[in-house]
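Visitor: sequence and predicted structure, then a few things I'm wondering about:
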Amino acid sequence: MNAYISVSGIVARIEPVIPTQADYGCTLNLTLRSFSQGEINFTMNGETYVVDNFPINPGDRVTIFYDANAPVPLIYPPQYKAVAVANSSYYNYYLGEFYNNFVSTDGRFQISNSAPLNMILPNGQTFYGALAGNTVLVEYTAATRSIPAQIQPDRIIVFCYH
């Protein structure tokens, strides 16, 4: 089970990483001025999922997710490999897994099942399977203050890997 951590903030700059000439332009270094942790560097490549494929620019307000179990260098500012990036000007996001009862595996959120769920795959196609056991990115606007917080998602993006 993966554990993902999110960081929200304003994009300060985006620069290409130049490890070798063959990789030029394929890997980007994004510097984020987070609201809670100061400046953080993220590495993005072709494996990084960008919600709605929006172009990321300096000044954008984003939420970036990274794998909490991945190895990281002990440097300042910290540097992580971005797993997913979402424009967070309007929506809130949660990346993780859920049990059959729609409670997240970390116990933070419960998806309200009072309305039909808009579940899609990363390519935009409708997802017809079960939510449990898959990594999902939940897009929502509000959550209750209960434990677990109740959310009514606007959209759920299901990643079919474990």
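Guide: Noted; the coordinates are in hand. Numbers count the residues shown, from 1 in each chain.
Visitor: go ahead and confirm F65 touches S8.
Guide: No. Judged on CB atoms under 8 Å, F65 makes no contact with S8 at a distance of 10.3 Å. Every residue, glycine included, has its C-beta placed from N, CA and C.
Visitor: neighbour-wise, which of the two wins?
Guide: F65 (24 against 17; other CB atoms under 10 Å).
Visitor: how far does whichever strand or helix holds that one sit from its chain's centre?
Guide: Per DSSP states H and E: F65 is located in strand 61-67. Offset of strand 61-67 from its chain centre (CA atoms, centre = their mean, to the nearest Å): 5 Å.
Visitor: can you name the next helix or strand after that strand?
Guide: That would be, after strand 61-67 and using DSSP H and E, strand 79-87.
Visitor: mind listing residues that contact stretch 107-127?
Guide: 49, 94, 96, 98, 101-104, 131, 138, 143, 147-160 (CB atoms under 8 Å, 6 or more residues apart in numbering).
Visitor: drop anything exposed from the residues you listed.
Guide: 49, 94, 96, 98, 102, 104, 131, 138, 143, 148-151, 153, 155-159 (16 or more other CB atoms under 10 Å).
Visitor: can you tell me which of the residues you listed are in strands?
Guide: Among the buried ones among the contacts of stretch 107-127, DSSP state E puts Y49, Y94, G96, V138, A149, Q150, I151, R155, I156, I157, V158, F159 in strands.
Visitor: make TSV out of those residues and add distance to D60 and pLDDT.
Guide: Listed next are these as TSV, based on distance: CB to CB, whole Å; pLDDT from 0 to 100:
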residue	distance to D60	pLDDT
Y49	16	93
Y94	20	94
G96	23	92
V138	21	94
A149	26	92
Q150	29	92
I151	24	92
R155	19	93
I156	23	94
I157	19	94
V158	25	94
F159	23	92
